[in-house]
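Okay, here's the prediction I keep looking at, along with the sequence it came from:
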2 protein chains.
Amino acid sequence: MREQFRLEMHELYDTLIAETKGAARAMRLAAESFKDANLALAEQVIDADQKIDLLERNVDEMAISLLVRQAPVAKDLRTVASAMRLSSTIERMGDLARHVAYVARGRYPATVVQGPVYDLLTAMADQAALVGEKVAKLVETKDLALAREILADDDVLDDLHRKSFDYVLDTELELSRQEIVDIILLGRYMERYGDQAVNVATRMQFLITGMEPEA
Amino acid sequence: MREQFRLEMHELYDTLIAETKGAARAMRLAAESFKDANLALAEQVIDADQKIDLLERNVDEMAISLLVRQAPVAKDLRTVASAMRLSSTIERMGDLARHVAYVARGRYPATVVQGPVYDLLTAMADQAALVGEKVAKLVETKDLALAREILADDDVLDDLHRKSFDYVLDTELELSRQEIVDIILLGRYMERYGDQAVNVATRMQFLITGMEPEA
């Protein structure tokens, strides 16, 4: 019984790790698809999202089954409850990467924008992908230092996001209406991806330490 | 023991109803604040969001406690598991209403836009508020007809959302950069609110009937 329980706990957590790796990979590929107007990569991100959704459902079903049949306590209970919340946050990260890929696909064979805004948005995409990879590593290793890094990193993404509004509102800078739409939506998707990474980081801090994060 | 269990089930579900009513009211007030450039209403929506967040946490804590201590089965298990997913979806609806209120507050004392786009965005806001109210009624009454209505209603919101892009991309229509930003972001918030309402409706169908929704 105990051995079965430990086995199921491992399976639950391994599924969560796989989901997180999927969401990290999705943003990395979305960033590349967007930088190089790479249609195949964009399609790959869009197709792979179903797998992330499936892993989310698996985590949830395993978690509920474990709660009801095994009535875990203390750290195990915290792990199961956290896994349920993390799974939906991470599924959302996958969705946001997919949205970035949609924009890249929609503009193919051109890149979404050119010039200084291209540089800014690619910097945002790289930063979002980097944060996604840190999130995957945090979930896998439970290394608190990574959680702190992710929280600090969010300022970088927020600053880049603010700068994207500066560009859009600067009427000296010539932009088509379509470019403005793309910049605002891409900025929003990537900023939200970062927000969700922050949610994962604070949830992981709670999971690891058992202490509620300071507000 | 049984009586205590039923009591806790009722408390859980009542908390979910209260959360849903909060998210519905938030979009209704956000729509009004945005139509009339009503700063006090916008502030009210922003402040009230904390209450929705708290209700979400309460639902989650009650649900986990019930699962572990009472090991519910069949329909009760479905209710508890659904409540956890619903609570986070509905919390997100509250956030989106808050984002609408932020835009209204940011443009005060002016309205966000004027002219035909104003008419379109207020139609979207009214539609989102209506859907929110249907969601609250669906969660309260578990009336399947309401779930079907919400699913059908989503086309209305999606059509209005598409139309907002038509306006933005129509270079004959004079719009400032700030107006374009606001239109795109408001459109996105309200469309997402509708998407989340659809998620609630399909989840409620499952809760009520026990059958997984057709994809």
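On my side now, so go ahead.

continuing past the helix or strand where residue A:16 lies, what's the next helix or strand?
Using DSSP states H and E, residue A:16 falls within helix A:2-35. Sequence-wise, the next helix or strand downstream of helix A:2-35 (DSSP H and E) is helix A:39-70.

buried stuff in the helix or strand just after that next one?
Heading C-terminal from helix A:39-70, the first helix or strand you meet, by DSSP H and E, is helix A:74-107. Of the residues in helix A:74-107, A:76-105, A:107 count as buried by neighbour count, 16 or more other CB atoms under 10 Å in any protein chain shown. C-beta here means a position set from N, CA and C on the backbone, and glycine is covered the same way.

and chain B, which of the residues you listed reach it?
A:77, A:81, A:84, A:85, A:88 (CB under 8 Å from any CB of the partner chain).

Which one of those is nearest to residue A:21?
Using CB to CB, residue A:88 comes nearest to residue A:21 of those, at 16.6 Å.

residues in contact with that closest one?
The neighbourhood of residue A:88, defined by CB atoms under 8 Å, 6 or more residues apart in numbering or on different chains, consists of A:56, A:60, B:85, B:88.

Any chance of JSON lines for these, columns pLDDT?
Formatted as JSON lines, the contacts of residue A:88 follow (pLDDT from 0 to 100):
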{"residue": "A:56", "pLDDT": "98"}
{"residue": "A:60", "pLDDT": "96"}
{"residue": "B:85", "pLDDT": "95"}
{"residue": "B:88", "pLDDT": "95"}
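
Of the residues you listed, just say which sits nearest to residue B:68.
residue A:60 (15.8 Å).

mind checking how far that closest one is from chain B?
Using CB to the nearest CB, to the nearest Å, residue A:60 is found at 8 Å from chain B.

Residue A:52: how many residues sit nearby?
Residues contacting residue A:52 under the criterion other CB atoms under 10 Å in any protein chain shown number 25.

Let me fix that, I meant to ask about residue A:122.
18.

One more: residue A:210?
Residue A:210: 10 neighbours (other CB under 10 Å).

Return the residues in contact with it.
A:75, A:78.

Check what pLDDT it gets.
Looking at residue A:210, its pLDDT is 91.

and residue A:150, which of the three is it?
helix (DSSP: H, G, I helix; E, B strand; the rest coil).

That one contacts residue A:134, correct?
Yes: using CB atoms under 8 Å, residue A:150 is in contact with residue A:134, at 5.3 Å.

what do these two both touch?
Common neighbours of residue A:150 and residue A:134 (CB under 8 Å, 6+ apart) are residue A:197.

Without its sequence neighbours, what residue ends up closest to the most centrally placed residue in chain A?
Centroid-nearest residue in chain A: residue A:93, 3.3 Å away (criterion: CA atoms, centre = their mean). What sits nearest to residue A:93 in space, not counting adjacent residues and going by CB to CB, 6 or more residues apart in numbering or on different chains, is residue A:23, at 4.1 Å.

pLDDT score for residue A:68?
93.

show me what contacts it?
B:67, B:71, B:72, B:73, B:77.

who wins for most neighbours among the residues you listed?
residue B:67 leads the contacts of residue A:68 on contacts (other CB under 10 Å) with 25 neighbours.

Make sure the residue nearest to the centre of chain A is actually in contact with residue A:195.
No: the pair residue A:93 / residue A:195 is not scored as a contact, 9.6 Å apart, by CB under 8 Å.

overlap in contacts of these two?
By CB under 8 Å, 6+ apart, no residue touches both residue A:93 and residue A:195.

ok so, going back, pick the one among the ones next to chain B among the buried residues of helix A:74-107 closest to chain B.
residue A:81 (5.1 Å; CB to the nearest CB).

so who does whichever residue of chain A sits closest to chain B touch?
Residue nearest to chain B within chain A: residue A:67 (4.1 Å; CB to the nearest CB). By CB under 8 Å, 6+ apart, the residues touching residue A:67 are A:77, A:80, A:81, B:64, B:67, B:68.

Skipping adjacent residues, who's closest to it in space?
Closest residue in space to residue A:67, ignoring its immediate chain neighbours: residue B:67 at 4.1 Å, by CB to CB, 6+ apart.

Please report the distance of the one you found from residue B:205.
Here residue B:67 is placed at a distance of 22 Å from residue B:205 (CB to CB, to the nearest Å).

So what's the residue count around residue A:17?
A count of nearby residues for residue A:17, using other CB under 10 Å, gives 16.
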